[in-house]
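Asker: Sequence plus predicted model, see below.
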Amino acid sequence: MARIIVITSGKGGVGKTTTAAALAMGLAQRGSRTAVIDFDVGLRNLDLIMGCERRVVYDFVNVINHEANLNQALIRDKRCDNLYVLPASQTRDKDALTKEGVGRVLDELSQGFDFIVCDSPAGIEHGATMAMYYADDAVVVTNPEVSSVRDSDRMLGILASKSRRAEANEEPIREFLLLTRYDAARVDNGEMLSVKDVQDILSLNLLGVIPESKAVLNASNAGVPVILDRESDAGLAYGDAVGRYLGEDLPHRFVNAEKKGFFSRLFGG
Amino acid sequence: MAVNSRSSGGEASPAFELKAAGFTLPIIRLLDGNMEAVAEQLGVKVEQAPDFFRNTPVVIDLTVYPDGAGEVEFPSLVGLLRGYGMIPFGVRGGTKAQNVAAEGMELAILGDAFIRSPKPAGAAANQPVGGGADPGAGGQDPGHGSTINGTLVTRPVRSGQRVYAAGGDLSVIASVSSGAEVMADGNIHCYGPLRGRALAGARGNTEARIFCSDLQAELVSVAGHYRVSENIPADLRGVPVQVYLDQKILRIEKI
């Protein structure tokens, strides 16, 4: 049985799709058969971030409506054999997602995969609730910024009450916090919320802290999940996050501002 | 007040004790004499929550019964209440004539002493709790008498969530996030940071209080009297405080 992970946030633009691509690639590279599904019907962008936008024939809604089967819609990633992408429809709208349809597709995927990563759309409406309904784990992506923290808090409330596990009174969804676009220098200046400030409000397991990085834009332009950029801090931080998800105990890097030595300041860089 | 009943011989062990107890019970406040309308509307309510009404003792409240609405048809009213599973056992606030008719249906007359009139908070506190024979103050003072039920919340109350402790106190031993609402008919005790809204005495109990260890609330209210965060002085934030109503003025004081 596959473990279903939803990447959600409430607020838009915090890094859900970037995270979904990075986590899925990270899990697949470590040997697990992983599928990543785009739930953002009508505003799909997971296919762009994964670099498979020119190979989309059938999509998630086609499979739900029995217009295509799963094998026709899943796109295998060229860089990693274990990773498959199920893109969203661009022409339909989110009403095409039904609870039964989504459940059926996830069941079928569970047969052949170890992890299913669900990239949720922003907001708390139908698309987001469909993405999180069947989840076993939730990664709540948050920027260290007041409105993002409040929206994440709202999303946590919804996860605790409107998921399948909540309705069936089963063990609740495991929630993780992923802090993205973290700028340690600004935190030290007192301009930005720190990890501790965010944890005071949300009180969640910290999966990782991803520093603000130019590598993220470069990666999405190239259609490469940023975790593959092993020279960038963001890529390394995502690698650590995957490790922590799988149970490893890794220290959080990139949380403290680097102290520049005298010579590096003198000679730039 | 315990009266031990003994036979005049004095050697038998007491077979019963007479004591006073308070109960919180529903009242049916009659606003109209049209029994058909009452039956229909009550039917809808009972359908929504049949278990609430089954075998529930109720008091018929006539305090606001309009003068021109004619006589209260007690036989029909009692019949229809019993038909819905309720146990009407008393009447209050009726006129002399209505009381006579009620007695004819074997309903107890709960006298004027039980009508809640606006009292200053100090005088109300002097009343013995549940004192005298007070078999049903009609659910209006859930802070008095026995708070049989209290609700306990152990997980954080997230933004957008709402917790309502009906008929009793609420204790929260986790944080209440900004944008969340915690409400109780009785008191609210919050041991984690209180960042959302807290509304005590939600159904009008002016004796209710809010006790918190870390006040950062957006809004606090007791029985409808509220104050927003902006008007709470900075020295009262982040420390243990209690919020209560003093002669209709909301007071927030350090504990």
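Answerer: All right, it came through fine. Worth saying up front: this structure is predicted, and the values here are computed from it rather than measured. Residues are numbered from 1 along each chain as shown, chains lettered A, B, ... in the order given.

Asker: list the buried ones in the longest helix anywhere in chain A?
Answerer: Counting residues, the longest helix in chain A under DSSP state H turns out to be helix A:146-162. Using 16 or more other C-beta atoms under 10 Å in any protein chain shown as the test for burial, helix A:146-162 gives A:148-160. Where you see a C-beta, it was placed from the backbone N, CA and C, and this is true even at glycine.

Asker: avg pLDDT for that helix?
Answerer: What helix A:146-162 shows for mean pLDDT is 94.

Asker: restrict the buried residues of helix A:146-162 to contacts with chain B.
Answerer: Contacts with chain B are made by A:150, A:153-154, A:156-158, A:160 out of these, judged by C-beta under 8 Å from any C-beta of the partner chain.

Asker: before we move on, the earlier item: can you tell me which helices and strands the longest helix of chain A packs against?
Answerer: If you count contacts as 3 or more C-beta pairs under 8 Å, 6 or more residues apart in numbering or on different chains; DSSP states H and E, helix A:146-162 packs onto helix A:126-133, strand A:137-142, strand A:174-182, helix A:195-202.

Asker: Around chain A, pick out the residues from chain B.
Answerer: Selection of chain B residues close to chain A by C-beta under 8 Å from any C-beta yields B:155-161, B:175, B:177-180, B:193, B:195.

Asker: Contacts only, for residue 156.
Answerer: Picked chain A for this. If you count contacts by C-beta atoms under 8 Å, 6 or more residues apart in numbering or on different chains, A:Leu156 has them with A:140, A:175, A:202, A:204, B:158-159.

Asker: I was after chain B.
Answerer: By C-beta under 8 Å, 6+ apart, the contact list for B:Pro156 reads A:203, B:174-177, B:192.

Asker: and the gap between the residue in the stretch 151-255 of chain B that chain A sits nearest to and A:Ala131?
Answerer: In the stretch 151-255 of chain B, the residue that lies nearest chain A is B:Arg158 (3.1 Å; C-beta to the nearest C-beta). Distance, B:Arg158 to A:Ala131, by C-beta to C-beta, to the nearest Å: 18 Å.

Asker: What of A:Asp81?
Answerer: Distance of A:Asp81 to A:Ala131, computed by C-beta to C-beta: 26 Å.

Asker: More neighbours: which of those two?
Answerer: More crowded of A:Asp81 and A:Ala131, by other C-beta atoms under 10 Å in any protein chain shown: A:Ala131, with 25 against 10.

Asker: Make sure A:Thr34 is actually in contact with A:Ala24.
Answerer: Yes. Using C-beta atoms under 8 Å, A:Thr34 is in contact with A:Ala24, at 5.0 Å.

Asker: Give me the more crowded residue out of these two.
Answerer: Between A:Thr34 and A:Ala24, A:Ala24 has the larger neighbour count (other C-beta under 10 Å), namely 32 against 27.

Asker: Now that one: closest residue in space that isn't a chain neighbour?
Answerer: Take A:Ala24 and drop its neighbours on the chain: the residue closest to it by C-beta to C-beta, 6 or more residues apart in numbering or on different chains is A:Val36, 3.8 Å away.

Asker: Can you give the contact residues for the strand or helix carrying B:Leu250?
Answerer: Using DSSP states H and E, B:Leu250 sits in strand B:249-254. Under the criterion C-beta under 8 Å, 6+ apart, residues B:215, B:220-222, B:225-227, B:232, B:236, B:239-245 lie in contact with strand B:249-254.

Asker: A:Val36 touches A:Ser120, doesn't it?
Answerer: No. Counting by C-beta under 8 Å, A:Val36 does not reach A:Ser120; the two are 11.8 Å apart.

Asker: hmm, back to that, from the residues of chain B next to chain A, list just the buried residues.
Answerer: Buried members of those, counted by 16+ other C-beta under 10 Å: B:156-161, B:175, B:177-180, B:193, B:195.

Asker: can the residues you listed go into a markdown table with extra columns for distance to B:Arg54?
Answerer: A markdown table is the format used below for these (distance: C-beta to C-beta, whole Å):
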| residue | distance to B:Arg54 |
| --- | --- |
| B:Pro156 | 36 |
| B:Val157 | 32 |
| B:Arg158 | 35 |
| B:Ser159 | 37 |
| B:Gly160 | 34 |
| B:Gln161 | 30 |
| B:Ser175 | 38 |
| B:Ser177 | 38 |
| B:Ser178 | 40 |
| B:Gly179 | 37 |
| B:Ala180 | 33 |
| B:Pro193 | 41 |
| B:Arg195 | 40 |
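
Asker: Taking the residues you listed together, which two end up most distant?
Answerer: Among those, the pair separated by the greatest distance (C-beta to C-beta) is B:Gly160 and B:Pro193, at 17.0 Å.

Asker: now the residue in the stretch 101-250 of chain A that chain B sits nearest to: how far from B:Gln161?
Answerer: Minimum separation of the stretch 101-250 of chain A from chain B (C-beta to the nearest C-beta) falls at A:Gly157, amounting to 3.1 Å. Noted for A:Gly157: a distance of 4 Å to B:Gln161, by C-beta to C-beta.

Asker: and if you look at A:Tyr182?
Answerer: Counting by C-beta to C-beta, the separation of A:Tyr182 from B:Gln161 is 27 Å.

Asker: A:Arg92 now?
Answerer: Between A:Arg92 and B:Gln161 the computed distance is 32 Å (C-beta to C-beta).

Asker: neighbours around B:Leu110, how many?
Answerer: By other C-beta under 10 Å, the residues close to B:Leu110 number 25.

Asker: Tell me how far it lies from B:Gly167.
Answerer: Distance, B:Leu110 to B:Gly167, by C-beta to C-beta: 20 Å.

Asker: okay, and the common contacts of A:Thr34 and A:Ala24?
Answerer: Residues touching both A:Thr34 and A:Ala24 (C-beta under 8 Å, 6+ apart): A:83, A:115, A:117.

Asker: Okay, and which of these map to strands?
Answerer: A:83, A:115, A:117 (DSSP state E).

Asker: The last one reaches A:Asp38, doesn't it?
Answerer: Okay, so that is A:Val117. No. Look at A:Val117 against A:Asp38 with C-beta under 8 Å: they stay out of range, at 10.0 Å.

Asker: what ranges of chain A fall below the confidence cut-off?
Answerer: Low-confidence segments of chain A, defined by pLDDT under 70: A:264, A:268-269.

Asker: count of neighbours near the nearest residue to A:Ser213 once chain neighbours are set aside?
Answerer: Once flanking residues are discounted, A:Ser213 sits nearest to A:Ala234: 3.7 Å by C-beta to C-beta, 6+ apart. As a burial measure, A:Ala234 scores 26 neighbours (other C-beta under 10 Å).
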